[in-house]
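S.K.: got a structure for you, letters missing:
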């Protein structure tokens, strides 16, 4: 009998190690948990196409919680890069353009990355987008972001990347903007994730638990970043990685080893199986 029937796990800093690899102990633990009837779901700020390789390696065919929960998709078995949208929560109309203009008007040194559905758009590749692309093994499309946003594109997330001081400035400025109706969270000190207000991995957890008729008490969430906290609070059990950000370690009392020492495997075997 499983202790937890549904587990949502963050990817970067949690599921994969500091070399962006899945450790053998983690793969084995996830496969054992799945064979026992557990639902192990990837929940990430990543876009869908930055998660499919990991899902295949883990032999997971469950939905993917992408873009911090703004988009939940199910891949098609015959064409794994095609997705059926199960749930979406885009940014309010005009909000993405306001963020874009704010960054440009104040000359902030911030990389602007627009996620619309399963597409990732940038004006031009830069240091930050190239670094992210290497991590997720998926590259953005170059386009004129101003034209894209003035054209009314449906945007699910904006990822802003830069040195921590620049991200701090942007975070503070956005909190002073009236009527944006956005949620801002840090997945890393250099990353600011912008989604519609109310979007969080916790809403995705609740949606999937309801879909599979699993009581919330029988769920677990594992993570390391600020953007993981909502799902960790909502789950029956929240588990913090040993390498989690300080505010996460302070907030979540159940902890496991870091991502270089198979913390996810430890969490599954001690608390879910």
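M.R.: Good, I have the coordinates. These figures come from a predicted structure and were not determined experimentally.

S.K.: Could you pull out the strands in the stretch 1-150 of the chain for me?
M.R.: Counting by DSSP state E, counting those that start in this stretch, the stretch 1-150 of the chain has strands at residues 6-9, 39-42, 64-66, 71-75, 83-88, 111-116, 119-122, 141-142.

S.K.: Can you say which of these is packed in most?
M.R.: When the strands of the stretch 1-150 of the chain are scored by mean count of other Cβ atoms under 10 Å, the highest mean neighbour count falls to strand 64-66 (a mean of 29). (Glycine included, C-beta is placed from N, CA and C.)

S.K.: List of residues touching that strand?
M.R.: Applying Cβ atoms under 8 Å, 6 or more residues apart in numbering, the external contacts of strand 64-66 come out as 8, 41-44, 46-48, 51-52, 55, 72-75, 83, 118, 201, 204-205, 208.

S.K.: on that earlier part again, for residue 190, which of the strands of the stretch 1-150 of the chain is the nearest?
M.R.: strand 111-116 (9.5 Å; Cβ to Cβ).

S.K.: could you give the mean pLDDT of the closest one?
M.R.: Taken as a whole, strand 111-116 carries a mean pLDDT of 98.

S.K.: Direction included, what does that strand pair up with?
M.R.: With DSSP bridges as the test, strand 111-116 is paired with strand 119-122 (antiparallel), strand 157-161 (antiparallel).

S.K.: For residue 266, which of the strands of the stretch 1-150 of the chain is the nearest?
M.R.: Evaluated with Cβ to Cβ, the strands of the stretch 1-150 of the chain place strand 6-9 nearest to residue 266, the distance being 12.4 Å.

S.K.: hmm, back to that, closest to residue 231 out of the strands paired with strand 111-116?
M.R.: strand 157-161 (16.0 Å).

S.K.: and the closest one, which residues are buried?
M.R.: Under the neighbour-count criterion of 16 or more other Cβ atoms under 10 Å, strand 157-161 has 157-161 buried.

S.K.: Quick one: the helices in the stretch 51-200 of the chain, in order.
M.R.: For the stretch 51-200 of the chain, the helices defined by DSSP state H, counting those that start in this stretch occupy 52-58, 95-105, 127-136, 145-150, 164-176.

S.K.: Among the ones you listed, single out whichever gets nearest to residue 213.
M.R.: helix 52-58 (23.1 Å).

S.K.: What is the closest one packed up against?
M.R.: Counting contacts by 3 or more Cβ pairs under 8 Å, 6 or more residues apart in numbering; DSSP states H and E, helix 52-58 packs against helix 24-35, strand 39-42.

S.K.: Of the ones you listed, flag the one that's most buried.
M.R.: When you average the neighbours per residue for each of these (mean count of other Cβ under 10 Å), strand 39-42 leads with a mean of 22.

S.K.: which ones are touching residue 120?
M.R.: Per Cβ under 8 Å, 6+ apart, neighbours of residue 120: 47, 49, 113-114, 138-141.

S.K.: if we can go back for a sec, columns distance to residue 15 on top of the strands of the stretch 1-150 of the chain, output as JSON lines?
M.R.: Output for those, formatted as JSON lines (distance: least, Cβ to Cβ, whole Å):
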{"stretch": "strand 6-9", "distance to residue 15": "5"}
{"stretch": "strand 39-42", "distance to residue 15": "7"}
{"stretch": "strand 64-66", "distance to residue 15": "12"}
{"stretch": "strand 71-75", "distance to residue 15": "17"}
{"stretch": "strand 83-88", "distance to residue 15": "20"}
{"stretch": "strand 111-116", "distance to residue 15": "20"}
{"stretch": "strand 119-122", "distance to residue 15": "20"}
{"stretch": "strand 141-142", "distance to residue 15": "26"}
